[in-house]
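[1] okay, sequence plus prediction incoming.
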Amino acid sequence: MRRDQHASRPTKRIVFDDPHSVDNMQEAEVTRVRSLRGAWRWALIAAAAATILLCINQQFSLRFFVGYTQLNTEYFYLLIALMLPFTFLIFPGSARARLDRVPWYDIVLFALTAVSALVLMAYVRKAAEAGWEFGGAPTQVFVAGLVMWALLMEALRRTGGWSLVLCVFPFTVYPLFAGAGWLGPLGGSQSTLEQATAYHVLSGESLLGIPIQAFADTVIGFLVFGTALMMTGAGKFFINLSFAICGTFRGGAAKVCIFASALLGMMSGSIISNVLTAGTMTIPVMKKSGFRASYAAAIEACASTGAVLAPPVMGATAFVIAQFLNVSYAEVALAAIIPAALFYIGLFMQVDSYAARHGLEGIPRSELPALGQTLKEGWYYVFVIALLVVMLLHFKRESHAPFYATALLLVLNQIFSRETRWTPATIARFFEVNGRTFVELIGILAGCGLLIGAFSMTGVISSLAGDLLRIAGDDVFLLLVMCAVTSLILGLGLTTTACYIFLAILVAPALEKLGLNRMAVHMFIFYWGMLSSITPPVAIASFAAAGIAGSPAMKTGWESMWVGSIIYFIPFFFVMNPALVLQGPDPYAAALGLMALAALGTLFICGGIQGYQVGIGDLRRAGALQWPLRVALVIGGFVLATPGGGINPLSQTQITGLGLCILAPTVLIALLLVRRGGRSRNIASPSLR
């Protein structure tokens with residue numbers, strides 16, 4: 001995409017100068033949380049520090065507990081005892097609750113959670129030996145389990161909202177009624193209250209199941225790394241680097257937004273914090289460059305949504321996928337590379353076509369940070385990220401990699417950066433920020449774990465997969481569309497992780513039975529659940545960006561869908577050919593060709609959607625044929641980008657040939673009409689450029 005040249009003018013150079021923006025962003029991100037003060041704040045700091053040390057002890061086998069070997073289940077319960085109680089202190093019970101003090105009833109809930117977790121931890125070793133998860137647990141364990149069950153639902157409500165708890169709670173009690181005839185295909189093995197409670201809190205399939213295992217094994221380390229990265233000034237480095245590289249392109253401010261959000265997202269894995277970190281800088285610059293407020297907010301929302309998909313540090317869902325598939329996190333990160341690249345390529349092309357159509361120029365070089373100076377100030381971030389990637393992909397040490405990378409980052413930061421050098425106050429803030437993140441995540445993940453336990457307890461999953469196949473008539477495309485729609489609808493009320501867990505249990509087995517690649521299926525579900533962040537009526541990323549831009553929230557949500565419309569097609573591509581998630585025989589060679597075709601097809605889709613085709617020009621000059629040409633470009637681009645073979649009845653050669661047959665005459669006609677329209681316009685108005 002071309003660069004626009006500008007005469008230099010005396011304007012202030014754009015530089016992002018807040019190295020500790022993560023602190024401010026976390027405060028702005030969620031006004032519904034309490035900022036703990038005094039003894040409660042120091043208790044959270046101590047609990048977060050203990051959580052990190054316990055994780056290091058477990059992953060590196062340091063034997064902190066001399067003469068005692070801790071079981072994994074005891075380790076999980078200790079983390080729950082440390083973090084889950086703070087849910088009731090940090091997240092108020094209602095919108096009317098005061099944020100300046102902790103009420104007595106939240107302190108009671110805090111104590112009940114800590115006590116029940118410690119009781120269960122004390123008995124979990126004996127439970128494993130005696131098989132109590134299937135019944136026969138003593139009264140004190142049963143009571144502690146019931147209390148924990150109830151508290152988990154309240155923690156889920158506070159962290160994820162009513163929509164999440166109303167989706168999860170009915171399924172957690174479902175085993176109590178699974179034998180009822182009126183349940184039809186959902187009927188399964190029924191349990192008593194004692195059996196269900198014991199299974200939920202003592203087995204490795206429910207509360208202590210996949211979500212908590214992912215949190216304890218890998219999520220903690222990557223969250224620590226992401227927080228350290230932001231608190232050592234990486235936000236400043238990534239945003240300045242984005243301005244230096246992309247700022248002079250046409251529509252440069254929007255392309256900076258995409259590039260910066262991708263870089264920050266790769267390190268944070270959080271959609272909302274990405275919006276609030278990058279958006280506070282990029283949205284005002286986009287508005288100043290000529291983008292209307294709602295469109296600028298939509299670009300930021302779409303760019304930030306890719307944070308949970310962009311390796312090496314993806315959202316928590318990616319770690320849950322690794323646990324579900326019983327593969328290394330590195331394999332999931334590798335599988336996400338091409339989907340993430342296609343996500344951002346599609347968004348970049350959309351913005352480029354929009355900027356060209358509306359004549360939006362880049363930012364003058366004189367107003368941008370210098371690339372050399374930016375790299376000189378932040379070279380060690382690149383070095384640290386390289387270490388993380390090498391340890392993940394070459395050494396396959398995903399549980400150790402973030403801790404080594406964090407240690408190296410902190411050492412280099414203390415040596416080479418005076419501006420962001422840490423003090424005792426910074427260290428305390430580091431543990432506090434991590435603690436708040438741990439608390440929110442464990443509240444959601446622990447509650448969602450019961451969802452898995454309920455279906456595991458009843459044995460209904462395999463029969464449900466067969467029922468779904470019968471409904472779809474073994475039509476793989478129909479089942480994929482059903483899955484996509486269900487995922488999008490569930491995503492409107494659930495977090496991405498909860499949505500993924502729900503569909504990984506219910507729908508993924510049916511898709512796998514049709515012969516689809518497991519990794520591609522789970523990435524498909526993950527991708528579609530993620531898209532709810534930009535899809536009204538919820539669209540949390542769009543609404544957060546709208547708040548910064550000062551644009552109407554719902555209008556921004558619809559704009560986000562339009563800006564990110566290409567993104568809705570991409571998941572179907574990698575399900576149709578798993579080479580796009582680096583699966584199958586010789587995936588790397590196949591992936592390069594498929595990615596090139598997908599990118600080329602995306603270029604034409606974006607040209608049709610935005611009304612400006614790179615290499616042709618503004619399609620408005622085609623006159624009455626503008627819309628037929630735009631529709632033909634979208635259809636031809638989609639066909640060209642679609643992988644052939646596999647579940648597609650057409651081979652790769654046939655599908656590519658069909659796409660070219662649609663696009664070749666469309667491009668030729670568009671080229672002739674646009675050039676003729678441009679000449680007519682110049683003759684009619686010679687001064688027009």
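    Structure received. Numbers count the residues shown, from 1 in each chain.
[2] give me the low-pLDDT residue ranges for the stretch 451-600 of the chain?
    Across the stretch 451-600 of the chain, the stretches falling below the confidence threshold (pLDDT under 70) are 462, 491-493, 538.
[3] quick one: the strands in this protein, in order.
    612-613, 617-618 (DSSP state E).
[4] quick check: Ala260 touching Ile239?
    Yes - between Ala260 and Ile239 a contact is recorded at 4.7 Å, counting by C-beta atoms under 8 Å. For every residue, glycine as well, the C-beta is placed using N, CA and C.
[5] what's the overlap in contacts for these two?
    278, 281-282 (C-beta atoms under 8 Å, 6 or more residues apart in numbering).
[6] now, which of these sits nearest Ala446?
    The shortest approach to Ala446 among the shared contacts of Ala260 and Ile239 belongs to Ala278, at 30.4 Å (C-beta to C-beta).
[7] was I right about that closest one contacting Ala260?
    Yes - taking contacts as C-beta under 8 Å, Ala278 lies within contact range of Ala260: 4.8 Å.
[8] which one of these two is surrounded by more residues?
    More neighbours sit around Ala278 than around the other of Ala278 and Ala260, counting by other C-beta atoms under 10 Å; the figures are 34 against 29.
[9] helix or strand, whichever it is, which one in the protein has the lowest mean pLDDT?
    The least trusted helix or strand in the chain, going by mean pLDDT, DSSP states H and E, turns out to be helix 21-29, with a mean of 42.
[10] give me every residue that touches Ile130.
    Careful, residue 130 is Ala; it's not Ile. Contact analysis of Ala130 by C-beta under 8 Å, 6+ apart lists Gly136.
[11] how much space separates it from Met121?
    For Ala130, the distance to Met121 equals 16 Å [C-beta to C-beta, to the nearest Å].
[12] also Met519?
    35 Å.
[13] then Phe64?
    Distance of Phe64 to Met121, computed by C-beta to C-beta: 16 Å.
[14] helices of the stretch 151-300 of the chain, start to end?
    Secondary structure of the stretch 151-300 of the chain, counting by DSSP state H, counting those that start in this stretch: helices at 162-172, 193-202, 210-214, 220-231, 234-246, 252-268, 271-289, 293-305.
[15] pick the most deeply packed of these.
    Per residue and on average, the most neighbours among those fall to helix 293-305, with a mean of 31 (mean count of other C-beta atoms under 10 Å).
[16] run the chain-centre distance for that helix.
    What separates the centre of helix 293-305 from the centre of its chain is 15 Å, taken as C-alpha atoms, centre = their mean, to the nearest Å.
[17] check stretch 226-233 too.
    Counting by C-alpha atoms, centre = their mean, stretch 226-233 comes out at 19 Å from the chain centroid.
[18] one more: stretch 503-511?
    Centroid separation between stretch 503-511 and its chain, computed with C-alpha atoms, centre = their mean, is 20 Å.
[19] contact partners of that stretch?
    321, 324, 451-452, 455, 461-462, 464-466, 468-469, 472, 476, 479-480, 482-483, 486-487, 490, 518, 521-522, 524-525, 529.
[20] do the same with stretch 568-583
    The contact list for stretch 568-583, computed with C-beta under 8 Å, 6+ apart, reads 334-339, 342-343, 346, 480, 484, 516-517, 519-521, 523-524, 527-528, 531, 584, 587-588, 590-591, 594-595, 598, 605, 638, 641-648.
[21] of those, grab the buried ones for ChimeraX.
    Of these, the buried ones go into a single ChimeraX selection, burial set by 16 or more other C-beta atoms under 10 Å:
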select :334,335,336,337,338,339,342,343,346,480,484,516,517,519,520,521,523,524,527,528,531,584,587,590,591,594,595,598,605,638,641,642,643,644,646,648
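[22] restricted to helices, list the contacts of stretch 568-583.
    Counting by DSSP state H, the members of these that fall within helices are 334-339, 342-343, 346, 480, 484, 519-521, 523-524, 527-528, 587-588, 590-591, 594-595, 598, 605, 638, 641.
[23] pretty sure Val33 is touching Ile90, no?
    Yes - contact between Val33 and Ile90 holds when scored by C-beta under 8 Å: they sit 5.2 Å apart.
[24] that older thread, quick one: which of the helices of the stretch 151-300 of the chain is nearest Phe502?
    In this view, the helices of the stretch 151-300 of the chain are compared for proximity to Phe502 by C-beta to C-beta, and helix 162-172 is the closest at 7.2 Å.
[25] okay, angle between the closest one and helix 193-202 too, please.
    For helix 162-172 and helix 193-202, the angle between their directions (axes from the mean of the first three to the mean of the last three C-alpha atoms, to 10 degrees) works out to 120 degrees.
[26] if I look at Ser456, how far off is Pro175?
    According to C-beta to C-beta, Ser456 and Pro175 sit 9 Å apart.
[27] more crowded one of these two?
    More neighbours sit around Pro175 than around the other of Ser456 and Pro175, counting by other C-beta under 10 Å; the figures are 26 against 18.
[28] how close does that one sit to Cys257?
    Distance check for Pro175 against Cys257: by C-beta to C-beta, it reads 47 Å.
[29] can you check Cys167 too?
    With C-beta to C-beta as the criterion, Cys167 and Cys257 are 33 Å apart.
[30] so Ala428 touches Ile45, yeah?
    Yes - taking C-beta under 8 Å as the definition, Ala428 is a contact partner of Ile45 at 5.6 Å.
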